[in-house]
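*Asks:* I'll drop the sequence and a predicted model, then ask my questions.
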Amino acid sequence: HATTALMLETILDMKPRFAGKKVLDMGCGTGILSIMAAQAGATDLTGIRIDDWAYNNAMENIATNKVRNIRILIGDATLLDGKDRYDIILANINRNIIVGDLQVYASRLKEGGTMLLSGFYEDDIAIVLDEARKHGLEYMGHTVLERWSCLELKK
């Protein structure tokens, strides 16, 4: 999908910034973004997915790619309450879930950390940015593919 392609391209473009970092992949699906982040040098990765099928698929993909530093959890943003802080947060979900959970994501992002968001159209960037600014996140740029967007924010 275009949003996955955008996120993968952005991770590759940011590869040096992933080295040694703690990464959260919200809505991790098949685990592809977590796997790419690990290959880019992230050392501690957590993926969260809401359903069992995706969990099993992610675990299979992680094993196939021989990545050992990714932990996948079943649940939603409520799993983040009181948990660790992350250097980088990835979320390729959809606009409504991102906007609804952005406060939680921002609370778990380290100061100076990066958040990459996708799963929404370019026309929706203003809506996502409006919510992001309420939680201390700064616009750093975005990319677009087939009307879909990937937004980079910084805390």
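*Replies:* Looks like it arrived, so ask away.
*Asks:* Show me where this protein has its strands.
*Replies:* For the chain, the strands defined by DSSP state E cover 22-26, 44-49, 70-74, 86-92, 109-121, 138-145, 148-154.
*Asks:* Which neighbouring elements make contact with the helix or strand bottoming out on mean pLDDT in the chain?
*Replies:* When each helix and strand of the chain is scored by mean pLDDT, DSSP states H and E, helix 52-64 comes last, with a mean of 92. On a contact count with 3 or more Cβ pairs under 8 Å, 6 or more residues apart in numbering; DSSP states H and E, helix 52-64 meets helix 32-39, strand 44-49, strand 70-74. C-betas here are computed from N, CA, C, even on glycine.
*Asks:* Show me what the shortest one pairs with in its sheet, parallel or antiparallel.
*Replies:* Taking DSSP bridges as the criterion, strand 70-74 pairs within the sheet with strand 44-49 (parallel).
*Asks:* Tell me what angle the partner strand forms with strand 22-26.
*Replies:* Computed by axes from the mean of the first three to the mean of the last three Cα atoms, to 10 degrees, the angle separating strand 44-49 from strand 22-26 equals 10 degrees.
*Asks:* Show me the contact partners of strand 44-49.
*Replies:* The contact list for strand 44-49 (Cβ atoms under 8 Å, 6 or more residues apart in numbering) reads 21-29, 31, 33-34, 37-38, 55, 58, 69-77, 79-80, 86.
*Asks:* Please check these and keep the buried ones.
*Replies:* 21-29, 31, 33-34, 37-38, 55, 58, 70, 72, 77, 80, 86 (16 or more other Cβ atoms under 10 Å).
*Asks:* Tell me the buried residues in stretch 40-52?
*Replies:* Buried residues in stretch 40-52 (16+ other Cβ under 10 Å): 40, 42, 44-50.
*Asks:* re earlier: possible to save the strands of the chain as TSV with mean pLDDT and distance to residue 128?
*Replies:* Formatted as TSV, these follow (pLDDT from 0 to 100; distance: least, Cβ to Cβ, whole Å):
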stretch	mean pLDDT	distance to residue 128
strand 22-26	97	14
strand 44-49	95	19
strand 70-74	94	24
strand 86-92	98	10
strand 109-121	97	6
strand 138-145	97	10
strand 148-154	98	6
